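> With the input below, show me the fold.
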Amino acid sequence: MKRNLTSDDVRAAIWGGAILGGGGGGLIAAGERAARLALQVGTPQLWSVDEFDDAALTATMALVGAPAAPDPHVQPAHLLRTLELLRRELPAGQKLVALHANENGAETTVNGWFHAAMTGLPVIDLACNGRAHPSSVMGALGLHTEPDYLSVQAYAGGEPHRYVEGVVSGRLEQTSAVVRRASVEAGGLVAVARNPVTVGYARQHGAPGAISHAIALGQTFLDGGVDAVARSLDGRLVAEGTVRTYRCEQQEGLDVGVVELDDAAGTTLRFINEYMLLAQGGERIARFPDLIMTFSDDGQPVVSAHVRQGARLRVLVAPRARLLLSRTMFMPELYRPLEKSLGEAFAPA
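Numbers count the residues shown, from 1 in each chain. Below is the predicted model of the structure:
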């Protein structure tokens, strides 16, 4: 199926993405600006995976950084620059036929829409992962397990006095670390175009249908609010209270922190961009990649970077089985750096 993306899609994708971001996935206002700009400058198209030959080449459009960083700055020109740099690195005779997002989130669900509007390349209804995740390797389809795969990542971002751009190639873990460091030097955020793969590989190891899922969930939210979202995802609202404690600091280009509510259950959420752990009464209730998401008192999604002490929050939990997840969500080795940051083990068995 091929279709033009519309202003209704923008609204639904942003809200659905924000919820599936699970506390991360970028900021709502920034995502809406980027997607609406895409519709102003062109007509981005969304194509289902089955519209492509499995051997056709696609690449991931992403944002890397810490949403709560003090000086994040990515402009539309930076998005296009990353794609330009990546295309230069393709071997002779190879060309990209499509683009896809790295994950679902308020900003990240619409990754690639502006590129598509400007270049005419379609966006695939697929993401590397159907929910947001904190590390670039988690959004790389398991390519770190392919011994012969050469990761190529182009990045750009920052205010003029902090602007950085470049291309790095090598093993996935090393190139991802370089890009993460570049995001810090740029003020907290860079646009990235990375990791060309065949559509067949992305289909097998990513999350086909992820963009449509975000749009559908966003429409559910717009029609019925957080309670309708909970029903749709077989989730439940497990807590409501005032934020008693909020701590957030940037560690190696990521937001790392804790949210504590004043409710009777003593609800505590720990996050690394996305909410990783939810505990009540000292007992773990949910863990990533289960979906843990906070909402304001009036039912609006609140990302971890925008939580503030004294705010009223509701907390939604939905099981991982109701999400479209990449195989990377079940690779324990990718959790080790996260577990080290939080001092707790929570990787899937």
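> As a check, name the ranges of all strands in the stretch 101-250 of the chain.
For the stretch 101-250 of the chain, strands defined by DSSP state E, counting those that start in this stretch occupy the ranges 123-127, 151-157, 164-170, 189-198, 207-208, 236-251.
> Among those, which comes closest to Ala98?
strand 123-127 (4.9 Å; C-beta to C-beta). For the C-beta atoms, the positions are set from N, CA and C on the backbone; glycine is no exception.
> which other helices and strands contact that closest one?
strand 45-47, strand 96-101, helix 199-205, strand 207-208, helix 210-232 (3 or more C-beta pairs under 8 Å, 6 or more residues apart in numbering; DSSP states H and E).
> pLDDT (mean, whole number) over it?
Mean per-residue pLDDT for strand 123-127: 99.
> Show me how far that strand is from its chain's centre.
13 Å (C-alpha atoms, centre = their mean, to the nearest Å).
> What residues sit buried inside it?
For strand 123-127, the neighbour count (16 or more other C-beta atoms under 10 Å) marks 123-127 as buried.
> Give me the neighbour count for the nearest residue to Ile215 once chain neighbours are set aside.
Of all residues not flanking Ile215 in the chain, Ala12 sits nearest, at 4.5 Å (C-beta to C-beta, 6 or more residues apart in numbering). Other residues lying near Ala12 total 22 when counted by other C-beta atoms under 10 Å.
> quick one: contacts of the helix or strand containing Ala12?
Using DSSP states H and E, Ala12 sits in helix 7-20. With contacts defined as C-beta atoms under 8 Å, 6 or more residues apart in numbering, helix 7-20 is touched by 25, 28, 31-32, 35-36, 39, 46, 104-110, 130-132, 211, 213-222, 229, 291, 293, 301, 303, 316, 323.
> among those residues, which ones are buried?
Buried among the contacts of helix 7-20 (16+ other C-beta under 10 Å): 25, 28, 31-32, 35-36, 39, 46, 104-110, 130-132, 211, 213-215, 217-221, 229, 291, 293, 301, 303, 316, 323.
> Contacts only, for Met293.
By C-beta under 8 Å, 6+ apart, the contact set of Met293 is 19, 21-23, 275, 301, 315-316, 318.
> try it again with 7 Å
19, 22-23, 275, 301, 316 (C-beta atoms under 7 Å, 6 or more residues apart in numbering).
> does it belong to a helix or a strand, and which?
Going by DSSP H and E, Met293 is part of strand 291-296.
> give the contact list for the closest residue to Gly253 other than its chain neighbours.
Nearest non-adjacent residue to Gly253, counting by C-beta to C-beta, 6+ apart: Arg180, 4.4 Å away. Arg180 makes contact with 64, 136, 252-253, according to C-beta under 7 Å, 6+ apart.
> contacting residues around Ala210?
Going by C-beta under 7 Å, 6+ apart, Ala210 touches 104, 126-127, 130, 324.
> hmm, which two among the residues you listed are most spread apart?
With distances taken as C-beta to C-beta, the most widely separated pair in the contacts of Ala210 is Asn104 and Leu126, at 11.0 Å.
> how many other residues sit next to Asp148?
4.
> Apologies, that question was intended for Val315.
25.
> hang on, isn't it packed against Val238?
Yes - using C-beta atoms under 7 Å, Val315 is in contact with Val238, at 5.5 Å.
> Now do the closest residue in space to Ala347 that isn't next to it in sequence against Val74, distance only.
Counting by C-beta to C-beta, 6+ apart, Ala347 lies nearest to Tyr335, which is 3.5 Å off, once chain neighbours are set aside. Using C-beta to C-beta, to the nearest Å, one obtains 28 Å as the distance from Tyr335 to Val74.
> Have a look at the two and say which one is more surrounded.
Neighbour count, other C-beta under 10 Å: between Tyr335 and Val74, Val74 has more, with 26 against 23.
> isn't the more buried one right up against Ala186?
No - Val74 is beyond contact range of Ala186, at 8.4 Å (criterion: C-beta under 7 Å).
> Between these two, which contacts overlap?
With contacts taken as C-beta under 7 Å, 6+ apart, Val74 and Ala186 have Gly157 as neighbours in common.
> what's near enough to touch Phe288?
274, 276, 346.
> can we see that at 10 Å?
Residues near Phe288 by C-beta atoms under 10 Å, 6 or more residues apart in numbering: 22-23, 131-134, 138, 270-272, 274-278, 320, 329, 335, 338, 346-348.
> What confidence value was assigned to the residue nearest to Ile215?
98.
> distance of it from Thr242?
Ala12 sits 30 Å away from Thr242, going by C-beta to C-beta.
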